[in-house]
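Enquirer: Based on what follows, work out the 3D shape:
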Amino acid sequence: MASEPGTGPPDLFQRFVAALRRWWHGKVADTVEQAEVIALRREECALTERYLFLLAMSAGIAILGLLLSSPAVVIGAMLLSPLMGPIMGLGFAIATGDFAWMRQAARTLAVGTALGVLLCALIVLVSPLQTVTSEIASRTRPNLFDLLVALFSALAGAYAMIRGRADAIFGVAIATALMPPLAVIGFGLATWNWTVFSGALLLFFTNLMTIALTAAIMARFYGFRTSLSPRQTHLQTALIVAAFLALAVPLGYSLRTIAWEANASRQVNSALLRTFDPRSRLSQVDIDFRLEPITVAATVLTPRLRDNAEEAAKIAISEAIGYPADVTITQYEVGVGATEAEQAELAAARARDDAGLRQAERLAARLALIAGVAESEVLVDRDSRRATVNARALPGATLATYRELERRIAAAESGWSVALRPPMRPLPAVAVAGSEPSADGEVALALAIWAARRIGSPVVVSGPDDAAARVAELLREAGAEARVDDGPGVPGGVALRWDTPEA
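Expert: Numbering: from 1, shown residues only. Next up is the predicted model:
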């Protein structure tokens, strides 16, 4: 029997949706004490002494954790972070169209952000550690997982606040997405590293917008509307829309980059698999899109080893993604069974771990011998593959001697970042041609920059005004602290000296 008009599938679907909406509003949204939730969110957006103090302490701990490449210390910073209050307030203000509330939340967030960035920059300036660690580098570029962390954090935080179950753990989740990038912005500012600064800034705003907009959507989903706020003018509404669109620009740019990299990663994996036997498996693939050419390091479990695999994979990957790639492949010959492949993968992982431990021990012994210290005085971080040691004064050794020692160790230990901090030795003079360093002057300047960054002491530049000012500018651009004084230079160049008494 044919159904009567108006009772077909479209009508049934519409009635189902209408029933679902009635259930949602009656059983879920209408049970929320919206006025109480808004009052609490407004209170947490206030710019108070407690907010500023906790944010400053959180930022300080975060930058120290990043400099030490210690995830545990960074997590400790997140426990203190008060960023969830103003960010969630911004999302609720967008949902309700409350311009005054939005302005309050944005002001609190801006002041706190500026305080955190400046404090982190100050700590980096006075710190002897100014190397880009793996923890810092991982916060200089948004990727799909960063976006998902921000999204899930916002969903959890917004739900907890709406349902009246706000807890510190949700504040930690929000801080996970925002506090480390905020500290890295301060690092980039202090070291004049535009790549680090701009990358961390983009990640910070991407996560900030993701959290705020997700909170706004959740609030609207639970029935928060403009009627709960003071009456808005058309001008205020237009300003809200304009601000929303302006802040969405960095998010849109990040999403485009994230989508391209996610697709490129899939194409790289497919190209690698096509290079080997169909029964092969990828154990690990690391891709760095920041380098030119793009670098790909892969571990492949295959029943048949292939000669010239790296060259073949390089061509396949370049054709797939449209960009040149530098490919490194480690092959392990395994059986064709799934169990054999899994056992080989575990064995390869254990072998890499054992090899890393032996390499770390060997590196610590070599650094201790060269630096003239005990092995216990060598700081080795296996996770970030970074080694640091303070060298003792060696008779007749110059700064160039210590830099060459560091270079040789770093060349012998591939994949490790080695920092040998020399004792305070006299700095070389910088020969100039006009106001610019000459060819010999550039060599001397590079040595002075290396020493200043390792020792962490300011450099005093003296000589002809234009040349001294230019050399000081080049030192600062390279991350060293420098100032010009009125002292005499040297024939044909400028003199450099430490701003503290020499050892």
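
Enquirer: Please make it C-alpha for all contacts and neighbour counts, starting now.
Expert: Will do.

Enquirer: helix, strand or coil for Thr295?
Expert: strand (DSSP: H, G, I helix; E, B strand; the rest coil).

Enquirer: quick one: contacts for it?
Expert: For Thr295, the contacting residues are Ile287, Asp288, Phe289, Ala325, Asp326, Val327, Thr328, by Cα atoms under 8 Å, 6 or more residues apart in numbering.

Enquirer: That one pairs with what?
Expert: On the basis of DSSP bridges, Thr295 is bridged to Asp288, Asp326.

Enquirer: what separates it from Asp286, distance-wise?
Expert: 8 Å (Cα to Cα, to the nearest Å).

Enquirer: One more: Ala59?
Expert: As judged by Cα to Cα, Ala59 and Asp286 stand 30 Å apart.

Enquirer: One more: Phe197?
Expert: 23 Å.

Enquirer: Compare neighbour counts for these two and give me the winner.
Expert: In this view Phe197 and Asp286 are compared by other Cα atoms under 10 Å, and Phe197 has more residues nearby, 23 against 12.

Enquirer: Do you know the pLDDT at the closest residue to that one other than its chain neighbours?
Expert: Of all residues not flanking Phe197 in the chain, Gly188 sits nearest, at 4.2 Å (Cα to Cα, 6 or more residues apart in numbering). Note on Gly188: pLDDT of 87.

Enquirer: Gly188 against Leu201, yeah?
Expert: No. Between Gly188 and Leu201 there is no contact under Cα atoms under 8 Å: 9.5 Å.

Enquirer: ok, those two, which is more surrounded?
Expert: Under the criterion of other Cα under 10 Å, the comparison of Gly188 against Leu201 puts Gly188 first, with 27 against 24.

Enquirer: So which residue is dead centre in the chain?
Expert: In the chain, the centroid-proximal residue (Cα atoms, centre = their mean) is Arg139; its distance is 0.6 Å.

Enquirer: got a list of what that residue touches?
Expert: Pro180, Pro181, Val184, Gly199, Ala200, Leu203.

Enquirer: what's the closest of those to Leu399?
Expert: Val184 (29.9 Å; Cα to Cα).

Enquirer: Which strand or helix spans that closest one?
Expert: Val184 belongs to helix 168-191 when assigned by DSSP states H and E.

Enquirer: What is the following helix or strand past that helix packed up against?
Expert: Once helix 168-191 ends, the next helix or strand along the chain (criterion: DSSP H and E) is helix 194-221. If contacts are counted by 3 or more Cα pairs under 8 Å, 6 or more residues apart in numbering; DSSP states H and E, helix 194-221 sits against helix 84-96, helix 144-162, helix 168-191, helix 234-275.

Enquirer: make it 6 Å
Expert: helix 84-96, helix 144-162, helix 168-191 (3 or more Cα pairs under 6 Å, 6 or more residues apart in numbering; DSSP states H and E).

Enquirer: what does stretch 198-213 rub up against?
Expert: Contacts to stretch 198-213, defined as Cα atoms under 6 Å, 6 or more residues apart in numbering, come from residues Ile87, Gly91, Arg139, Thr140, Arg141, Pro142, Ala150, Ala154, Leu178, Pro181, Ile185, Leu251.

Enquirer: distance of the third one from Leu427?
Expert: Spelled out, that is Arg139. 34 Å.
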